[in-house]
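Fold the following and give me the result.
(2 chains)
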Amino acid sequence: MKGSKPMNRRRLTLLTTPVLAAAMLAACGGTTQGEDDGGGPAGGASADPNADFETGLTYAMLPKSVNNPYFEASSAGAEAAVNALGGEFEYTGPSDASASSQVSYIDTLSQQATDVLLLSANDPNALCSSLEQARAGGTVVVTFDSDVDPACRDLFVSQVDSAEVGLALLEMAAEQIDATGEIAILSATANATNQNAWIDVMEAELESNTSYADMELVDVVYGDDEDEKSFSETQGLLQAHPDLKAIISPTTVGIAAAARYLSGSEYKGQVALTGLGTPNQMREFVQDGTVTEFALWDPTALGELAAYTGAAAASGIITGAEGEVFTAGDLGEYTVGADGVVTLGPPTRFNADNIDDFDF
Amino acid sequence: MSDDARLGEARPSERESTGKPPARALPAGPAGDAGLRLREAARALATWDFGVVAVTVGFLVVASMTVEHFGTARNAGYIILDLAPILLLALTMTLIVTTGEIDLSVASTVGLTSAAMGVMWNGGMALETIMPVAVLLGAALGAVNGLFVTGFGLPSLAVTIGTLALYRGLAYVLLGDTAVADWPRLFTGWTLGRIGDSAIPNVLVPMAVLAVICGVLLHATPVGRSIYAAGANPIAASYAGIAVGRLKFWLYVASGAMAGLVGVLWTLRYSSARADNAAGLELTVIAVVLLGGVSIFGGKGALPGVLAAVVLLVSVQNALRLAHVSTEALTVVTGSLLIVAVLAPNALGALRTALRRRRTTATGRTA
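This next block holds a predicted model:
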């Protein structure tokens, strides 16, 4: 016991010295929010809309995480496009959807001097410095599905425009209930950016569009993108609103849970269910009559468009400036929008007639 | 509980292989002198951490020759950036595991300090103030662990599993799903930058300084000897006048402060304060500490082995990525490495004991 006291004091000094040094630094004024010096690379090249797609380019698709059916589908689309363009394709990425693990993959790809990087970002900012280095080395960075800060990439291929999703959801619900009666929304989390944007569009449309005058939005509940919670929220909705005619669930987790509840309940076929879901998870509910029609963008087409967009940028056909036009194979002609955004188009609707054509 | 279990054990074989070559003088006749010295040298070379260093160097050489882009200065820079948080956390983790305890909350502490930095930054505080406050916060979070483990005598495994969840939860309370990303480029640039025109990343400097401090502390000071003693036999250590509880408490504070520092570096490197920063990293840190030859039961281990293990793990992952190996294979390889890390020292120890027994009977000398 005797020997330990001075020992601890020395340890304490050792521990506190760096802290004190830093605190002294702090006393000399500070860098606070809003003082940033900004920066980032700026594009200066000019586009040649008549150029041909270059062949022999290397493409790498980096999803949020691998082993995710959604991104497997995107990868299939991108690979088909790359094969058509005569390039080399690689699908690589982390097994966990974290920003920091994507950074290592971006660093690796930029060392391999990949010509085109197709990226679905796990964080809008954390990847920026790695992307800057990749771009400095000549890699064209195209984000798809989930964007980064526009300053850090060349183009973003957006799956849909939020207004179009909101409108399509409402239209499907209206068609299924003859535009009359109570409707409710089963969303993801209360602060989910995408879902809230779509809900805003639906609310505004319900108020302003006279063809929806007989429809009333009675409730918005949140299943937090958890299967169990979405399931019990559906149950709660039906009990609280006996006259409910339709449920709109703009999230793939929510719609699947709601469909499972409905298909085993007395409300099957009585209460309409629509929203955003994947054909594979909804197939049985379409076949058993629980669900008539739902929608989602086609991730395969999204990957295909991302690959063509990257190819067009790497070939100098586009630079990412607003108004530039390029042709994306069978998908047709696309125009670059503001902030270098290319939008895939309206969501694809799935029903008994076409659901077997899709596998994702 | 684990203390009692260890009471009766003398554990001579473990004490002997603390990574340092045994210093005891052996009785030897003039004839067997040279052979014995050779054998002593061979035994020093056969320690686990020397093995890890050798494997690491071997791997780096082979990978540089066979994997395209691996042996470049730029790639070395990336490897150093990637291993920085693991290495820093492994330094203090080595000290804690050597005392026979564990700290599973380090990655959650990184997340919580990162989230707290985001809140302070949004609140308009200066970054020069936020950084030391974050380190102090980390130290305070470590002190909570230390208090529960030493003050209330609770098992560190249980305590730090609790704070692993608690600190991560608090981080989500602070920032939710949002990220604070508008960090000044002056600072974020430094964490990614290189020294002058060289390929050496700036972060190597604090890393080297802290590694030297921890190395000297563990291997060349009375504190270090107390750490080994506390881990090998806490009861004996306290009879020998070592304040085992206080020693462990301060090690938890140091571990927390280190996690706070990593929180600062992580936030600035990725330019993103998020509640999920460094999620799951504690397992990697503990893995490299074990791979580096530190015994999970305490009392045994050395820092050079741990440092080599960090380099080995991160370079293997880097090389596999460069070689276009799929993520699934990468996880399998990493997992296998760790199983080897846990199995091999035991197998090696058993082999060594068997060899020694044979040698003793052969020369007719008793130990």
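
Distance-wise, check residue A:278 relative to residue B:262.
From residue A:278 across to residue B:262, the span is 39 Å (Cβ to Cβ, to the nearest Å). C-beta: built from backbone N, CA, C; applies to glycine.

More neighbours: which of those two?
residue B:262 (31 against 20; other Cβ atoms under 10 Å in any protein chain shown).

Am I right that the more buried one falls within a strand?
No - per DSSP: H, G, I helix; E, B strand; the rest coil, residue B:262 lies outside any strand segment and is helix.

quick one: it and chain A, what's the gap?
Separation of residue B:262 from chain A (Cβ to the nearest Cβ, to the nearest Å): 12 Å.

got a list of what that residue touches?
With contact set as Cβ atoms under 8 Å, 6 or more residues apart in numbering or on different chains, residue B:262 has these partners: B:84-85, B:88-89, B:106, B:110, B:278.

Repeat that for residue A:32.
The contact partners of residue A:32, taken as Cβ under 8 Å, 6+ apart, are B:124-127.

neighbours around the nearest residue to residue A:318 once chain neighbours are set aside, how many?
In this structure, residue A:318 finds its nearest non-sequential neighbour in residue A:324, 4.2 Å apart by Cβ to Cβ, 6 or more residues apart in numbering or on different chains. Residue A:324: 20 surrounding residues under other Cβ under 10 Å.

do residue A:289 as well
Residues lying near residue A:289 (other Cβ under 10 Å) number 11.

would it count as being in a helix?
No - with three-state DSSP as the criterion, residue A:289 is coil rather than part of a helix.

where does the residue lying closest to it once chain neighbours are set aside land in three-state SS?
The spatial neighbour of residue A:289 that comes closest, neighbours along the chain excluded (Cβ to Cβ, 6+ apart), is residue A:269 at 5.7 Å. Following three-state DSSP, we place residue A:269 in the coil state.

Look at residue A:269 and report its pLDDT.
We have a pLDDT of 87 for residue A:269.

what about residue 197, neighbour count?
Unless you meant another one, I'm taking chain A. Residues lying near residue A:197 (other Cβ under 10 Å) number 14.

Chain B was what I was after
By other Cβ under 10 Å, 5 other residues sit near residue B:197.

Equivalent analysis for residue B:228, please.
Count around residue B:228 with other Cβ under 10 Å applied: 23.

where in the stretch 201-350 of chain B is pLDDT low?
Within the stretch 201-350 of chain B, the segments meeting pLDDT under 70 span B:345.

That one against chain A: which residues are in contact?
Counting by Cβ under 8 Å from any Cβ of the partner chain, the stretch 201-350 of chain B comes close to chain A at B:213, B:217, B:222-223, B:226, B:241-243, B:246-247, B:250, B:253-254, B:257, B:266, B:270-272, B:274, B:276-280, B:317-318, B:321-322, B:324, B:326-328, B:331.

quick one on the thing from earlier: within reach of chain A, which of the contacts of residue A:32 are there?
B:124-127.

Same list, the contacts of residue A:32, but as CSV with secondary structure and neighbour count please.
Formatted as CSV, those follow (DSSP: H, G, I helix; E, B strand; the rest coil; neighbours: other Cβ atoms under 10 Å in any protein chain shown):
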residue, secondary structure, neighbour count
B:124, coil, 10
B:125, coil, 17
B:126, coil, 19
B:127, helix, 23
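
Contacts only, for the residue nearest the centre of chain B.
Most central in chain B under Cα atoms, centre = their mean is residue B:90, positioned 2.2 Å from the mean C-alpha point. Shown in contact with residue B:90 (Cβ under 8 Å, 6+ apart): B:285, B:288-289, B:292, B:306-307, B:309-310.
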